[in-house]
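**Q** need a 3D model of the following:
(chains A and B)
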Amino acid sequence: DAGITQSPRYKITETGRQVTLMCHQTWSHSYMFWYRQDLGHGLRLIYYSAAADITDKGEVPDGYVVSRSKTENFPLTLESATRSQTSVYFCASTMAGNEQYFGPGTRLTVT
Amino acid sequence: DQQVKQNSPSLSVQEGRISILNCDYTNSMFDYFLWYKKYPAEGPTFLISISSIKDKNEDGRFTVFLNKSAKHLSLHIVPSQPGDSAVYFCAASAYSNYQLIWGAGTKLIIKP
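**A** Residues are numbered from 1 along each chain as shown, chains lettered A, B, ... in the order given. Prediction:
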C-alpha cells in the first residue's frame, strides 16, 4: 500500500532492553521525522533526516539512535529503554515543504 | 519554554455553529503555520496552513487567521460537523527548515 507505515503498532518492553521502531514510506520523500507525543505536550521532534545517510538531532534526542541507509526507511532505536520513553511515537515524511504526512503511530510501553 | 501554546485543552461546540480554535506563539522567527487534525489511534493529518505574508487562508469550511503583531492565529470551522470532533494541533516553523514546533493540542467536541 502506498503511504507511510509504522511497525509495530504496539510494543511492550522492559527497562534496559533495546527496541527498534520501524518507519517505511513509499512516496520517495526526502525528509523523514520521528516525534514522540506525551500528554500535556504537543509532538516533540526526536530526530530528522533530510536524505539517505543524513540525519540530525531534534528537540529530544537523548536515548535514541536513528539511521537512514535507504530513502524509504527510517528506523528509530531505543538503545536501553527507560520508563520515561513510554510514549506514542510518530514517523512523518515530506518531499520539500512544511506539510508533513504522518504514519499511524507506535504505542510503546516500557515496564 | 513553550514556543507554541494552545491554552484551551478542550472546546465543546454545537453542531452547525462556528468552532474557533486559538494558538499563540512567542518566536518572531516563525514564518509558516499549520493546523493538523488527529483522531484517536491515528497519526495527525494536515488540515490547512498559512504563510506569514498572509493574514487569512480559506479552504472550504476551514479558515485560518494570522495576527502577526499579536503573535496569534486561529482556526475557524463553519459549520461544525460531528466528524470534526478530534484533537487539533497548531504547529509553526521558521524559514522553511521543516522542523515543526507543536502546540499541546485542543480537543474539539461537536455536540449533536
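**Q** C-alpha from now on. contacts and neighbour counts both.
**A** OK.
**Q** how close does A:R83 get to B:Q2?
**A** The span separating A:R83 from B:Q2 equals 24 Å under the rule C-alpha to C-alpha, to the nearest Å.
**Q** so how far is the lowest-mean-pLDDT helix or strand in chain B off the chain centroid?
**A** The weakest-scoring helix or strand in chain B, judged by mean pLDDT, DSSP states H and E, is strand B:101-102 (a mean of 93). Strand B:101-102 sits 11 Å away from the centroid of its parent chain (C-alpha atoms, centre = their mean, to the nearest Å).
**Q** go on, stretch B:50-69?
**A** For stretch B:50-69, the distance to the chain centre is 10 Å (C-alpha atoms, centre = their mean).
**Q** picking up where we left off before, any part of the least confident helix or strand of chain B near chain A?
**A** Yes. Using C-alpha under 8 Å from any C-alpha of the partner chain, strand B:101-102 reaches chain A at B:I101, B:W102.
**Q** all strands for chain B, in order.
**A** Along chain B, the stretches classed as strands by DSSP state E are B:4-5, B:10-14, B:19-25, B:32-38, B:45-51, B:56-59, B:62-67, B:72-77, B:86-93, B:101-102, B:106-111.
**Q** also chain A?
**A** Counting by DSSP E, chain A has strands at residues A:4-7, A:10-13, A:19-25, A:31-37, A:43-51, A:54-57, A:64-66, A:76-78, A:87-94, A:101-102, A:106-110.
**Q** report the angle between the third one and strand A:31-37.
**A** I take that to be strand A:19-25. Put simply, strand A:19-25 runs at 130 degrees to strand A:31-37, going by axes from the mean of the first three to the mean of the last three C-alpha atoms, to 10 degrees.
**Q** any idea which residue of chain B is furthest from its center?
**A** Residue farthest from the centre of chain B, counting by C-alpha atoms, centre = their mean, is B:P112 at 22.5 Å.
**Q** let me see the contact set for the nearest residue to A:L21 once chain neighbours are set aside.
**A** Closest residue to A:L21 apart from its sequence neighbours, by C-alpha to C-alpha, 6 or more residues apart in numbering or on different chains: A:L76 at 5.1 Å. Residues counted as contacts of A:L76 (C-alpha atoms under 8 Å, 6 or more residues apart in numbering or on different chains) are A:T20, A:L21, A:M22, A:C23, A:W34, A:Y64, A:V65, A:V66, A:S67.
**Q** check what pLDDT A:L76 gets.
**A** Looking at A:L76, its pLDDT is 98.
**Q** ok, now the one 10 residues further on?
**A** For A:T86, the pLDDT comes out at 97.
**Q** count the residues that sit near the closest residue to it other than its chain neighbours.
**A** Distances taken as C-alpha to C-alpha, 6+ apart place A:T109 nearest to A:T86, at 4.7 Å, with adjacent residues excluded. By other C-alpha atoms under 10 Å in any protein chain shown, 19 other residues sit near A:T109.
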